[in-house]
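Novice: sequence first, predicted coordinates after that:
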Amino acid sequence: QVQLAESGGGLVQAGGSLRLSCVASGRAFRSYIMSWFRQAPGKDREFVAAINWSGVETYHAASVKGRFTISRDNAKNTVYLQMNNLEPEDTAVYYCNTYPVAQAYWGQGTHVTVSS
């Protein structure tokens, strides 16, 4: 069982940066592929990025590739999402989860608002 807690969201102007963090409980964290998803107002939740257990392999959605970077620190049970050159279209609630996702692991998410 894993419990996830996201943080780091906020209000930022277009072109700005934020770094999101997701802290996981449980010693099994390092065995999981981890991912970030987001849900914009009125839209379905969508995949953003994923990272394998070692951090060597990463995958980013086309909409964020080149601007966002997923990483992890297994010693801290934490996965990060560095978001640069933010756009108003990135406004959403951001969630972390394993990959494939486990419904029981969805947390409260962290809100990101990008103003134009």
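Specialist: That came through fine.
Novice: can you tell me which residues contact residue 80?
Specialist: 19, 20, 21, 22, 70, 71, 72, 73 (Cβ atoms under 8 Å, 6 or more residues apart in numbering). Just so you know, the C-beta spots here come from the backbone N, C-alpha and C atoms, and that holds for glycine as well.
Novice: cutoff 10 Å now
Specialist: 8, 19-22, 34, 36, 51, 69-73, 96 (Cβ atoms under 10 Å, 6 or more residues apart in numbering).
Novice: ok, residue 110 - contacts?
Specialist: Per Cβ under 10 Å, 6+ apart, neighbours of residue 110: 5-10, 18, 20-22, 38, 81, 92-96.
Novice: buried only: go through the contacts of residue 80 for me.
Specialist: Listed as buried from the contacts of residue 80 are 8, 20, 21, 22, 34, 36, 51, 69, 70, 72, 96; burial here means 16 or more other Cβ atoms under 10 Å.
Novice: the contacts of residue 80: which two are farthest apart?
Specialist: Spanning the widest gap among the contacts of residue 80 are 8 and 51, at 16.3 Å by Cβ to Cβ.
Novice: report the beta-bridge partner residues of the residue nearest the centre of the chain.
Specialist: The residue lying closest to the centre of the chain (Cα atoms, centre = their mean) is residue 36, at 3.2 Å. Residue 36 has these beta-bridge partners by DSSP bridges: residue 49, residue 96.
Novice: that one reaches residue 22, doesn't it?
Specialist: Yes: taking contacts as Cβ atoms under 10 Å, residue 36 lies within contact range of residue 22: 7.5 Å.
Novice: which neighbours do these two share?
Specialist: Common neighbours of residue 36 and residue 22 (Cβ under 10 Å, 6+ apart) are 6, 70, 79, 80, 81, 94, 95, 96, 97.
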